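# got a structure for you, letters missing:
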């Protein structure tokens, strides 16, 4: 039954890829649709209110500047709300101001689409903070990632340095994609039993006659955009394992589909926008192969469980999992949330078997298995550019992609973006392991403790937001350190890719010849997968060997 559940869920996702991708193409190609009458007046009102000239084109530098400026302004607003929430309205439970380092970490987390939490949502934030510092940036950060990906695609197929208009792309992503989908999903979640109210906590009497405080709030609206926008940040500390966030198997199915819907469909939309669907499917196939290998690994590991317990008659690893979801759905949720860089969790990742934890870590380290809104596709294209360059060296020909030559400048930018990712994971992990106050936060010594720290910085660098748990990250060291890692992990790759887009946009298209390397074939898909795996293995294997791999071997022994 577990296998059937997973197969049905993946089949639903695949069936939605093409229609959702086709809709995204219409949204970002500015094609006229029947929905223009609905969204058009609202969008024009926003442009007039903000002074945006919707038909003004931007080169890559102007596009990037608009993105960074708007993100910084929102970051500052979120920080102030968190620091002053005691004095602001919509605080029925009287929650105090967030400390400075934690407020910095939280604001950075949500503006970068990471949504890492070093606090417990129901105890750390007022309703206003949940709306302005959490739910609001869930829309804008997802829209920012979408805008960056679309701008890069325009650079690939463009003939001049014109990547569109950032403000228009962000507004259209919110009004035509995220808001409508979030509204539908939120209403469905309310139907399933998820709370949606501005009233405070209530007191209830348990069956034993004890008094219990039950927290509630605007949970359904947050949950909908959390998963559609591949955000994280649960209203409750236990995230998607909480029955108010994820009450039924049907709600769990919707959560998983929402996480994968837009990342997968954006890859299809890429193929349509460049007028080469085979290229889009080739990238989709490469990502799918890695995804299925990861899913098979964690699925098998969790069903096999722990040998010592298996010998006692306890089969399968149910530790840290919800009984109402079971092993199969928990395994699928783990792979989906780290593949789509959502970060939402329905089980305790620290309680996974060592190879289950290895899988979650590996997906964040590769950071291109569909990934979050837009950025996952960008990271996949980074590896694509590097693969084309390596293949070009092997055949002695200047590498080309979509008829445009990939030269030294583009390869250097792609290499910088790819190399920054392991640096901001491994270097802070090493620093944490030599600082006494950071080591004191580790709850489990040895191999498992190393994995706790490695997972925290990998989650921040990949803008994932999921927690391995077992590590007290609410300290100044981790709040500031992970905050810096999240900023670097988010913006360095976007800056590099927009610069590459600007460079490619002004290049002359080279005619296809018999010597042109085709990048839309099964052979190149295999090459792409191998290069992704080899680069990931060479970069991260030593750290993984000391953590989850060593723990797995010790468990077998």
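Great, that's in hand. Just so it is clear, the model here is predicted, and its values are computed rather than measured.
# give the buried residues for stretch 467-476.
If you call a residue buried by 16 or more other Cβ atoms under 10 Å, then stretch 467-476 has these buried ones: 467-471, 473-475. From N, CA and C alone the C-beta is placed, and that goes for glycine too.
# which residues are in contact with stretch 179-194?
139, 196, 219-221, 223-225, 227-228, 243-245, 247-248, 250-251, 254, 258, 261 (Cβ atoms under 8 Å, 6 or more residues apart in numbering).
# so which bits of that stretch are buried?
Neighbour-count burial for stretch 179-194, counted by 16+ other Cβ under 10 Å, picks out 179, 181-182, 185-186, 189-190, 192, 194.
# which of these fall within helices?
179, 181-182, 185-186, 189-190, 192 (DSSP state H).
# the closest residue in space to residue 186 that isn't next to it in sequence and residue 106, how far apart?
Nearest residue to residue 186 in three dimensions, chain neighbours excluded: residue 224, at 4.1 Å (Cβ to Cβ, 6 or more residues apart in numbering). Here the criterion is Cβ to Cβ, to the nearest Å. By it, residue 224 lies 21 Å from residue 106.
# picking that back up, pick the one among the ones in helices among the buried residues of stretch 179-194 closest to residue 396.
The nearest member of these to residue 396, counting by Cβ to Cβ, is residue 181 at 48.1 Å.
# for this structure, name the helix or strand with the lowest mean pLDDT.
In the chain, the helix or strand scored least confidently by mean pLDDT, DSSP states H and E is helix 121-124, which has a mean of 77.
# so what secondary structure elements neighbour the helix or strand following it?
Elements were assigned by DSSP states H and E; along the chain past helix 121-124, the next helix or strand is helix 127-129. Secondary-structure packing of helix 127-129 (3 or more Cβ pairs under 8 Å, 6 or more residues apart in numbering; DSSP states H and E): helix 60-83.
# off-centre distance for the helix it packs on?
The chain centre lies 19 Å from the centre of helix 60-83; the measure is Cα atoms, centre = their mean, to the nearest Å.
# now stretch 296-316
In terms of Cα atoms, centre = their mean, the centre of stretch 296-316 is found 29 Å from the chain centre.
# which residues touch it?
2, 6, 317, 327-328, 330-332, 334-335, 352-356, 358-360, 555-556.
# tell me which residues of it come out buried.
297-299, 301-303, 305-306, 316.
# from those, pick the one nearest residue 30.
residue 298 (40.9 Å).
# which helix or which strand is home to that closest one?
helix 277-304.
# if we can go back for a sec, please name the residues that touch the residue nearest to residue 186.
Contact analysis of residue 224 by Cβ under 8 Å, 6+ apart lists 181-183, 185-186, 189, 258.
# from residue 489, how far out is residue 417?
10 Å.
# returning to that earlier point: just put the buried residues of stretch 467-476 in a markdown table and tack on pLDDT.
Output for those, formatted as a markdown table (pLDDT from 0 to 100):
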| residue | pLDDT |
| --- | --- |
| 467 | 85 |
| 468 | 86 |
| 469 | 81 |
| 470 | 84 |
| 471 | 89 |
| 473 | 91 |
| 474 | 92 |
| 475 | 94 |
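# which of those residues fall in helices?
Per DSSP H, the buried residues of stretch 467-476 never map to helices.
# of all the residues you listed, which comes closest to residue 445?
Nearest to residue 445 among the buried residues of stretch 467-476, counting by Cβ to Cβ, is residue 470 at 10.9 Å.
# if I pick the closest one, what's in contact with it?
By Cβ under 8 Å, 6+ apart, residue 470 lies in contact with 350, 442-444, 448-449, 452.
# re earlier: buried subset of the contacts of stretch 296-316 as a ChimeraX selection?
Only the buried members of the contacts of stretch 296-316 end up in this ChimeraX selection, burial being decided by 16+ other Cβ under 10 Å:
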select :2,6,317,327,328,330,331,332,334,335,352,353,354,355,356,358,359,360
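# in strands, which of the contacts of stretch 296-316 fall?
Judged by DSSP state E, the contacts of stretch 296-316 include no members of strands.
# now, the contacts of stretch 296-316 that are in helices?
Counting by DSSP H, those place 2, 6, 327-328, 330-332, 334-335, 354-356, 358-360, 555-556 in helices.
# hmm, residue 71 is touching residue 110, no?
No. In terms of Cβ atoms under 8 Å, residue 71 does not count as a neighbour of residue 110; the distance is 10.9 Å.
# compare those two (neighbour count), which wins?
residue 110 (29 against 20; other Cβ atoms under 10 Å).
# from residue 547, how far out is the more buried one?
From residue 110 over to residue 547 (counting by Cβ to Cβ), the distance is 28 Å.
# compare neighbour counts for residue 417 and residue 489 and give me the winner.
residue 489 (27 against 22).
# now that one: which helix or strand?
Per DSSP H and E: helix 476-505 holds residue 489.
# now that helix: average pLDDT?
Here helix 476-505 scores 93 as its mean pLDDT.
# what is that helix packed up against?
Using 3+ Cβ pairs under 8 Å, 6+ apart as the test, helix 476-505 ends up in contact with helix 60-83, helix 100-111, helix 136-157, helix 375-395, helix 408-432, helix 436-439, helix 446-461.
# mean pLDDT lowest where, among those?
It's helix 375-395: among these, that one has the lowest mean pLDDT, namely a mean of 85.
# now do the buried residues in that one.
375-389, 391-392.
# try stretch 162-182
Buried, per 16+ other Cβ under 10 Å, within stretch 162-182: 162-179, 181-182.
# then stretch 11-27?
13, 16-17, 20-21, 23-25, 27.
# just put those residues in TSV and tack on distance to residue 422, secondary structure and pLDDT.
TSV is the format used below for these (distance: Cβ to Cβ, whole Å; DSSP: H, G, I helix; E, B strand; the rest coil; pLDDT from 0 to 100):
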residue	distance to residue 422	secondary structure	pLDDT
13	29	helix	95
16	33	helix	96
17	30	helix	95
20	32	helix	94
21	31	helix	94
23	36	helix	93
24	31	helix	93
25	34	helix	93
27	34	helix	91
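# assign the residue of the chain positioned farthest from its centre to helix, strand or coil.
Most distant residue from the mean C-alpha position of the chain: residue 209, 43.0 Å away (Cα atoms, centre = their mean). At residue 209 the chain is in coil, as set by DSSP: H, G, I helix; E, B strand; the rest coil.
# any weak-confidence spans in the stretch 101-250 of the chain?
Scanning the stretch 101-250 of the chain for pLDDT under 70 picks out nothing.
# wait, what's in contact with the residue nearest to the spatial centre of the chain?
The centroid of the chain falls nearest to residue 341 when counting by Cα atoms, centre = their mean (2.4 Å). For residue 341, the contacting residues are 113, 230, 364, 367, 371-372, 375-376, 462-465, by Cβ under 8 Å, 6+ apart.
# and the closest residue in space to it that isn't next to it in sequence, helix, strand or coil?
Distances taken as Cβ to Cβ, 6+ apart put residue 372 closest to residue 341, at 3.9 Å, once the chain neighbours are dropped. Look at residue 372: counting by three-state DSSP, its state is coil.
# now the buried residues of stretch 11-27 in TSV, with distance to residue 131?
Listed next are the buried residues of stretch 11-27 as TSV, based on distance: Cβ to Cβ, whole Å:
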residue	distance to residue 131
13	30
16	29
17	32
20	27
21	31
23	27
24	27
25	32
27	25
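# what's the closest of those residues to residue 290?
Residue 290 lies nearest to residue 13 out of these, by Cβ to Cβ, at 15.5 Å.
# quick one: the closest one and residue 258 touch, right?
No. Counting by Cβ under 8 Å, residue 258 is not a contact partner of residue 13; they are 10.0 Å apart.
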